[in-house]
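A.B. asks: quick one, what's the 3D model for this:
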Amino acid sequence: MSKRFTSLALTAHPPATGPGGRGRSRRAVAPVAAACALIAGAALTGCGQQRDADVYTVLNSSTDESYHRWDAEAMTRCGEQLGVTIEQQSVPAAQVMTKALRMASSKSLPDIVQFDASEMPTFAEAGGLVDLRSLGLSTDDIPPGIVDFGSYKGTYYGAARSVNTLALFYNKDILDEAGLKVPATWAELRETARKLTQGKRYGLALSAGGAEDGVFQFTPFMWSNGGDETKLDSPQVAEALDYWKSLLKDGSLSKSTVNWTQADVNDQFMAGNAAMMINGPWQVETLNTDKSLHWGIAQIPVPEAGDDSVGPLGGAVLTVPGTGDEARERTAGRIVACLAGEKEQLTYALNSWMVPANAEAAAVWRERVPELDALADQVAAARSRTAKLGAGWSNVSLALQSAFQSALTGQSSEAALKRAQQRATSGN
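C.D. replies: Down below sits the predicted model:
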């Protein structure tokens, strides 16, 4: 038996549980060290499960009826193509890690795991995942940023079917009525948001809550300003947080922004309580239920004209845990290759409003959904949250969450971020 362990989780994230692989609570992010210990222990004990030779299991977070059905249909197509049966088990997105750990401890893990990309490094660090390139998967048609999204320390462990990021959504009617153009820089966004704030309507809505949603929404401002997650107390990060504070001081953001999730932000936008919002494509299906709402999207504004708008990549990646059964691992790799192939990527992306990871599929997607073209541009420049820190990202995320709560309720950005850097470094 190999020292690697076996596991499978294919996750498509419905909006309520963490769209794009985010929205994890503190309780879901915190047990990283314990996870590494448990995974390593499970790997050393081997695998005792008897498996049906022609049945492969997928554990995923597709608890939403639509996502579960789309995944089932894709698995049926790939199963017929490969001559195997592919079954899925679905749990809420925040429970995928916990479920996988329990299955590892009982040596009953499935064959493929689709982790949220920010969680994948935890399992990779313990040596429990198979290099997908060794199973024959190619990254030739995948943009470098998306390859990094599924990699840990240079090894390609996770294949993304689709990815997402954030964009600026705006109410076309409100901007037209005010005679304002879509903002492209921080100065324009601040001025436009100020002018659109009237009565009960705020100019802008975003999530600055004490969870991964808020951190995800802060990264475009931090990264586009030259800030870096390895040095949270840098002037560039402080300037980004000060920019958020300026919007709050102007009254352009609701004071409740420190409590809002991304779903809450979308609710405010749809209710007409916000003229613009920072959000992602997982909201499109809900937005389209209101035919009277005329919305558009643009790239997130940047500090100065000509700067790159660098957002975070979100989503999940398909991984093949090491079972010790090389034949099953090879077949699991073929299943991943099928589910993450160009044709299936395009089908999945068109269903879910996400962007295909494959460059050729993304080009077709642009033609099919031109209204989301700006999102594809945003994805092209986006980067992985875990590219630099791997499993250490969770400490940074928790530290930033505390910093938001402190800075947006009165503390200076410098003091809040100095404490955040200390917490990120110490893990406390």
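A.B. asks: look up phi and psi at Arg383.
C.D. replies: In this entry, Arg383 is assigned phi and psi values of phi -140, psi 160 (degrees, to the nearest 10).
A.B. asks: so which strand or helix has the nearest residue to it once chain neighbours are set aside?
C.D. replies: Residue nearest to Arg383 in three dimensions, not counting chain neighbours: Gly145, with 5.4 Å by C-beta to C-beta, 6 or more residues apart in numbering. Using the backbone N, CA and C atoms, a C-beta is placed for each residue, glycine as well. For Gly145, the host element (DSSP states H and E) is helix 144-149.
A.B. asks: what helices and strands are in contact with the next helix or strand after that helix?
C.D. replies: From helix 144-149 onward toward the C-terminus, using DSSP H and E, the following helix or strand is strand 151-152. With contacts defined as 3 or more C-beta pairs under 8 Å, 6 or more residues apart in numbering; DSSP states H and E, strand 151-152 has these neighbours: helix 120-125.
A.B. asks: dig out what the spatially most central residue of the chain forms beta bridges with.
C.D. replies: Central residue of the chain (C-alpha atoms, centre = their mean): Gly314, 2.2 Å from the mean position. Taking DSSP bridges as the rule, Gly314 bridges to Asn164.
A.B. asks: one step back: can you tell me how far the residue nearest to Arg383 is from Ser384?
C.D. replies: Per C-beta to C-beta, to the nearest Å, Gly145 is found 7 Å from Ser384.
A.B. asks: and Gln378, by the same measure?
C.D. replies: 14 Å.
A.B. asks: before we move on, what about Leu372?
C.D. replies: Relative to Ser384, and taking C-beta to C-beta, Leu372 is found at 21 Å.
A.B. asks: residues in contact with the longest helix along the chain: which ones?
C.D. replies: When the chain is parsed with DSSP state H, its longest helix is helix 65-82. For helix 65-82, contacts defined as C-beta atoms under 8 Å, 6 or more residues apart in numbering pick out 10, 12-14, 58, 60, 62, 85-88, 90, 331, 334-335, 338-339, 344, 347-348, 351-352.
A.B. asks: now the buried members of these.
C.D. replies: 10, 12-14, 58, 60, 62, 86-88, 90, 331, 334-335, 338-339, 344, 347-348, 351-352 (16 or more other C-beta atoms under 10 Å).
A.B. asks: just the residues you listed: which are in strands?
C.D. replies: Among the buried ones among the contacts of helix 65-82, the members falling in strands (DSSP state E) are Val58, Asn60, Ile86, Glu87, Gln88, Ser90.
A.B. asks: okay, and the beta partners of Ala274?
C.D. replies: Tyr202.
A.B. asks: could you do Ile86 as well?
C.D. replies: Beta-bridge partners, per DSSP bridges, of Ile86: Tyr56.
A.B. asks: tell me the mean pLDDT over stretch 68-77?
C.D. replies: The average pLDDT for stretch 68-77 rounds to 96.
A.B. asks: and what of stretch 208-215?
C.D. replies: For stretch 208-215, the mean pLDDT works out to 86.
A.B. asks: and that stretch, end to end?
C.D. replies: 7 Å (C-alpha to C-alpha, to the nearest Å).
A.B. asks: follow-up on the earlier one: who touches the helix holding Gly145?
C.D. replies: 117, 139, 156, 158, 160, 163, 313, 315, 317, 357, 380-384, 387.
A.B. asks: which parts of that helix are buried?
C.D. replies: Gly145, Ile146, Val147, Asp148, Phe149.
A.B. asks: this structure: strands as residue ranges?
C.D. replies: For the chain, applying DSSP E gives strands covering 55-60, 85-90, 112-116, 151-152, 155-156, 162-163, 167-171, 202-205, 274-279, 295-298, 316-319, 355-356.
A.B. asks: of those, which approaches Ala327 most closely?
C.D. replies: strand 55-60 (11.8 Å; C-beta to C-beta).
A.B. asks: now stretch 384-401: buried residues?
C.D. replies: Within stretch 384-401, the residues scored as buried using 16+ other C-beta under 10 Å are 384-387, 389-401.
A.B. asks: just these: which are in helices?
C.D. replies: Going by DSSP H, the helices hold Trp393, Ser394, Asn395, Val396, Ser397, Leu398, Ala399, Leu400, Gln401 from those.
A.B. asks: nearest to Trp186 among the residues you listed?
C.D. replies: Leu400 (19.3 Å).
A.B. asks: the closest one and Val215 touch, don't they?
C.D. replies: Yes: using C-beta atoms under 8 Å, Leu400 is in contact with Val215, at 4.9 Å.
A.B. asks: list residues touching both of those two?
C.D. replies: By C-beta under 8 Å, 6+ apart, no residue touches both Leu400 and Val215.
A.B. asks: adding pLDDT, write the buried residues of helix 144-149 out as a markdown table.
C.D. replies: Output for these, formatted as a markdown table (pLDDT from 0 to 100):
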| residue | pLDDT |
| --- | --- |
| Gly145 | 84 |
| Ile146 | 89 |
| Val147 | 91 |
| Asp148 | 89 |
| Phe149 | 90 |
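A.B. asks: now do the phi/psi pair for the closest residue to Ala159 other than its chain neighbours.
C.D. replies: The shortest distance from Ala159 to any non-neighbouring residue, by C-beta to C-beta, 6+ apart, is to Ala340 (4.0 Å). In terms of degrees, to the nearest 10, the main-chain angles of Ala340 are phi -100, psi 10.
A.B. asks: what's the neighbour count on Ala340?
C.D. replies: Number of residues near Ala340 (other C-beta atoms under 10 Å) recorded here: 26.
A.B. asks: check contacts around it.
C.D. replies: Ala340 neighbours (C-beta under 8 Å, 6+ apart): Leu137, Ala159, Ala160, Arg161, Leu318, Ala357, Asn358.
A.B. asks: ok, Thr289 to Met270 distance?
C.D. replies: Thr289 is 9 Å from Met270, by C-beta to C-beta.
A.B. asks: when the two are compared, which one has more neighbours?
C.D. replies: Met270 (18 against 8).
A.B. asks: for the spatially closest residue to the more buried one that is not a sequence neighbour, the count of nearby residues, please.
C.D. replies: Once flanking residues are discounted, Met270 sits nearest to Asp290: 5.9 Å by C-beta to C-beta, 6+ apart. Using other C-beta under 10 Å, Asp290 has 12 neighbouring residues.
A.B. asks: and Asp290, how far from Tyr170?
C.D. replies: 15 Å.
A.B. asks: among the contacts of helix 144-149, name the buried ones.
C.D. replies: 117, 139, 156, 158, 160, 163, 313, 315, 317, 357, 381-384, 387.
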